[in-house]
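1. Requesting a structural model of the entry that follows:
(4 chains)
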There are 2 protein chains.
Amino acid sequence: MSVVSEIGEGEWALWRGFLTMHRDLMRELDGRLQRDAGISQADYSVLLSLFDAPERRLRPGALGQALGWEKSRLSHQLSRMAARGLVERAECDTDGRGSWVVLTREGKRTLLHSLRDHAASIRSLFLDALDPEEKQVLARATERVAERLGEAAQRATG
Amino acid sequence: MSVVSEIGEGEWALWRGFLTMHRDLMRELDGRLQRDAGISQADYSVLLSLFDAPERRLRPGALGQALGWEKSRLSHQLSRMAARGLVERAECDTDGRGSWVVLTREGKRTLLHSLRDHAASIRSLFLDALDPEEKQVLARATERVAERLGEAAQRATG
DNA sequence: CATATTTGGTTGACACGTCATCTATTAGGG
DNA sequence: CCCTAATAGATGACGTGTCAACCAAATATG
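-> Here you go, the predicted structure:
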């Protein structure tokens, strides 16, 4: 792509390929989930986290932590999901400003309906495309990049 | 993450790590671009494509093709960018229903301002985190996944 | 104890992406 | 040539993500 002389042809292709692959993969996964269960990946991950939690409920803070989401994003997401009846907000006895997010019966039903299909999609489109060695390298690579990001964040904050 | 028994612990971690890495990487890149030049990655890629085109102009169709975007997304994006003065729409003489997207002086200025910084970010956060072997494996892995996606799309269409 | 700070969370504005729908033009087939 | 179909693109509605501002309860500090 010509202009960016500091990044070689191969590296540039790698970067473009990485972006494209991720985007297309997410598109496909989102599309399937939407068709099969009428939910997004975001919905799915929230439902799954709640399902795995004791009593099917979590504090927004903990949920955001688990998902790596900003609190504002989570709040919006929960509002939308609550409007669709997938989750409920409940008051928190031990902390007056806090609240609970509770999985509804409908939310549980929806999750269980999509669980196997979604996992199968992840397997067939992503995991099964990689041989064991590639998986290992990829895992290490993602870790390395994550480290870089951590360092960058550190420098920005500290 | 317990429930999904069909996906093993390690594979699940790989998947989660991949998602997290991509998300955090994009967040950081977007944030830097926004701070440095006041544009998003989407803006950036449009500007770059136009800059590399003959006469700094492209038909929306060709641009969408190059970026792998849907026409609707591109149209919205161009409207926003036009409102900010980064691009202009012009009529097309040879095809009455078509149009041109032209890079403005301001758009060019903005792109040039961000070019080196953005490339440097991609290098330091992503490319430099990977050794040559990892790059090679990653390139092949993305290719494989892309193939799967292609096959899936084929089955869906054909 | 009164006040300042931190924490948990929501809200509004705005950028972004997708889908379905729409218009205008061009191309094709009788 | 007329009518139909395909093409180029724009638009509106809606779900999503981020940032900044905000509110209220809780904690810390003088």
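
2. Residue A:94: what secondary structure?
-> Put simply, residue A:94 is coil when judged by DSSP: H, G, I helix; E, B strand; the rest coil.

3. I'd like to know how far it sits from DNA strand D.
-> 7 Å (CB to the nearest atom of the strand, to the nearest Å). C-beta: built from backbone N, CA, C; applies to glycine.

4. How about residue A:30?
-> Separation of residue A:30 from DNA strand D (CB to the nearest atom of the strand): 9 Å.

5. Report the contact partners of that residue.
-> Residues in contact with residue A:30 (CB atoms under 8 Å, 6 or more residues apart in numbering or on different chains) are A:40, A:41.

6. quick check: angle from the helix or strand where it lies to helix B:9-37?
-> In this structure, residue A:30 sits in helix A:9-37 according to DSSP states H and E. Put simply, helix A:9-37 runs at 110 degrees to helix B:9-37, going by axes from the mean of the first three to the mean of the last three CA atoms, to 10 degrees.

7. which parts of helix A:9-37 are buried?
-> A:11-12, A:14-15, A:17-19, A:21-22, A:24-25, A:28-29, A:32-33, A:37 (16 or more other CB atoms under 10 Å in any protein chain shown).

8. Low-confidence ranges, chain A, go.
-> Applying pLDDT under 70 to chain A flags residues A:1-5, A:156-158.

9. Walking through it, point out its strands one by one.
-> If DSSP state E is used as the criterion, the strands of chain A fall at A:57-58, A:87-91, A:99-103.

10. how about those in CSV, adding mean neighbour count and distance to DNA strand C?
-> Shown next, in CSV, are the strands of chain A (neighbours: other CB atoms under 10 Å in any protein chain shown; distance: least, CB to the nearest atom of the strand, whole Å):
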stretch, mean neighbour count, distance to DNA strand C
strand A:57-58, 20, 9
strand A:87-91, 16, 5
strand A:99-103, 19, 5
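
11. Now tabulate the ones you listed in JSON lines and tack on distance to chain B.
-> JSON lines is the format used below for the strands of chain A (distance: least, CB to the nearest CB, whole Å):
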{"stretch": "strand A:57-58", "distance to chain B": "14"}
{"stretch": "strand A:87-91", "distance to chain B": "17"}
{"stretch": "strand A:99-103", "distance to chain B": "13"}
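
12. Kindly reformat these as TSV and extend each row with distance to residue A:115.
-> Below are the strands of chain A laid out as TSV (distance: least, CB to CB, whole Å):
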stretch	distance to residue A:115
strand A:57-58	18
strand A:87-91	17
strand A:99-103	13
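
13. circling back: tell me if the helix holding residue A:30 is near DNA strand C.
-> Yes: Helix A:9-37 is in contact with DNA strand C by CB under 7 Å from any atom of the strand, via A:27, A:31.

14. Could you measure from the residue lying closest to residue A:126 once chain neighbours are set aside over to DNA strand C?
-> The spatially closest residue to residue A:126, leaving aside those adjacent along the chain, is residue B:145, at 5.9 Å (CB to CB, 6 or more residues apart in numbering or on different chains). Going from residue B:145 to DNA strand C by CB to the nearest atom of the strand gives 17 Å.

15. Enumerate the residues of chain A near DNA strand C.
-> Counting by CB under 7 Å from any atom of the strand, chain A sits next to DNA strand C at A:27, A:31, A:59-61, A:64, A:71-72, A:74-76, A:78-79, A:89, A:92, A:95, A:97-99.

16. give me that answer again for 6 Å
-> Counting by CB under 6 Å from any atom of the strand, chain A comes close to DNA strand C at A:27, A:31, A:59-61, A:71-72, A:75-76, A:78-79, A:89, A:97-99.
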